[in-house]
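Novice: Build me a structure from this.
(2 chains)
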Amino acid sequence: MSSTEWGVVGSMYTLGGLLGALSAGPSAGKYGRRMTMQLTSIFFIIGPVFEALSPNIGVMAFGRLLSGIGAGASVVVVPIYISEIAPPAERGFFGAFTQIMCNVGILVAQLLGYFLSHDQYWRIILAAGGVIGVAQSLGLLLSAESPKYLAEQGHTAQAKRILRKLRGDNFDLDEEINSWGSQGVDDVSGRFCRHMH
Amino acid sequence: MANTQAQYNAVPSPHHHKRPSFRTPHTMDPRTWLRDLTPYFLYILFVATLGPLLFGFHLVSVPRLSAATDTDHTRAS
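Specialist: As a prediction, this is how the structure comes out:
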């Protein structure tokens, strides 16, 4: 493939990332953080299917667009989700895991590329991304919606039950639950603004 | 378990039985930071951060292929 064609394939990912990032905020507010993450994992599965099986550059670019939508959306919704499920005192510490795992993903891709960058093995590298997407999709089945989001939607009892499951029995949850009501709306809008930059 | 409970009680707190979760950092000792985390929380954290992991994965996988095929092209010619 020519360098121009590689450029198209590469930039489709960026374009998808833009679309995903712009739609993730509204989706996370309307359908919830968990549902939005499940949607991103569907893009993470279907995108690599097109990439790994691509007979031509058009299909490859389309697969990259789908992967980009999932990636752009997940880097918006996952920090929101983590900040809501993490213990308030350690919110910053766990927020860093978004960036850490991003770097782990780069490392995994580089390692696979180092061992598999000959003949048709590149299809396996791209398929590996889809396998990770399947793993996330299955893993999310056992996950829980953000308790803060549920509380904002009025499902207080369910929110308390999930928070108890997340924190264990040794935590006093009252203060955290009470803080949702007072600052919930302002907090979420402020967080979206930060992600826009 | 009993030892963990003793550690909670050793921390001066208005809540004598339970550690307040809200904006109360543990200590400066990193070994204590993970003591209250449930396996379920760590599981959810891992599954959720697979998304950003895939962001990084797809970010470099195709440029990596591009570089690899360029090398092959150079070798062939």
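Novice: could you say which helix or strand contains residue A:51?
Specialist: helix A:33-52 (DSSP states H and E).
Novice: is any part of that helix close to chain B?
Specialist: Yes - using C-beta under 8 Å from any C-beta of the partner chain, we find that helix A:33-52 touches chain B at A:37, A:40-41, A:44, A:47, A:51. (C-beta placed from N, C-alpha, C; glycine too.)
Novice: Among those residues, which pair sits farthest apart?
Specialist: Using C-beta to C-beta, the two most remote members of the residues of helix A:33-52 next to chain B are A:37 and A:51, lying 21.1 Å apart.
Novice: so which helix or strand takes in the residue nearest in space to the middle of chain A?
Specialist: Closest to where the C-alpha atoms of chain A average out (C-alpha atoms, centre = their mean) is residue A:74, at 2.4 Å. In this assignment (DSSP H and E), residue A:74 forms part of helix A:57-85.
Novice: mind listing what's buried in that helix?
Specialist: A:60-85 (16 or more other C-beta atoms under 10 Å in any protein chain shown).
Novice: ok, back up a step: residues in contact with the residue nearest to the centre of chain A?
Specialist: Listed by C-beta atoms under 8 Å, 6 or more residues apart in numbering or on different chains, the contact partners of residue A:74 are A:20, A:24, A:37, A:40, A:44, B:51-52, B:54-55.
Novice: quick one on the thing from earlier: take the residues of helix A:33-52 next to chain B and write them to JSON lines, including pLDDT and neighbour count.
Specialist: Output for those, formatted as JSON lines (pLDDT from 0 to 100; neighbours: other C-beta atoms under 10 Å in any protein chain shown):
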{"residue": "A:37", "pLDDT": "97", "neighbour count": "28"}
{"residue": "A:40", "pLDDT": "97", "neighbour count": "31"}
{"residue": "A:41", "pLDDT": "97", "neighbour count": "25"}
{"residue": "A:44", "pLDDT": "97", "neighbour count": "32"}
{"residue": "A:47", "pLDDT": "96", "neighbour count": "28"}
{"residue": "A:51", "pLDDT": "92", "neighbour count": "28"}
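Novice: Give the residue spans of chain A that score low on pLDDT.
Specialist: Scanning chain A with the threshold set as pLDDT under 70 gives A:181-197.
Novice: and if we set it to 80?
Specialist: A:1, A:117-120, A:170-172, A:175, A:180-197 (pLDDT under 80).
Novice: how close does residue A:58 sit to residue A:122?
Specialist: Per C-beta to C-beta, to the nearest Å, residue A:58 is found 17 Å from residue A:122.
Novice: Looking only at residue counts, what's the top helix in chain B?
Specialist: Identified as the longest helix of chain B according to DSSP state H is helix B:39-76.
Novice: the inter-axis angle of that helix versus helix A:33-52?
Specialist: Relative orientation of helix B:39-76 versus helix A:33-52 (axes from the mean of the first three to the mean of the last three C-alpha atoms, to 10 degrees): 20 degrees.
Novice: buried stuff in helix B:39-76?
Specialist: Buried-residue list, helix B:39-76, by 16+ other C-beta under 10 Å: B:40-41, B:44-45, B:47-62, B:64-66, B:68.
Novice: Domain-wise, how is chain A divided?
Specialist: A:3-143, A:144-197 (automatic domain parsing).
Novice: surely residue A:105 meets residue B:51?
Specialist: No - checked against C-beta atoms under 8 Å, the pair residue A:105 and residue B:51 is beyond contact range at 9.5 Å.
Novice: where does residue A:107 fall, phi/psi-wise?
Specialist: In this entry, residue A:107 is assigned phi and psi values of phi -60, psi -40 (degrees, to the nearest 10).
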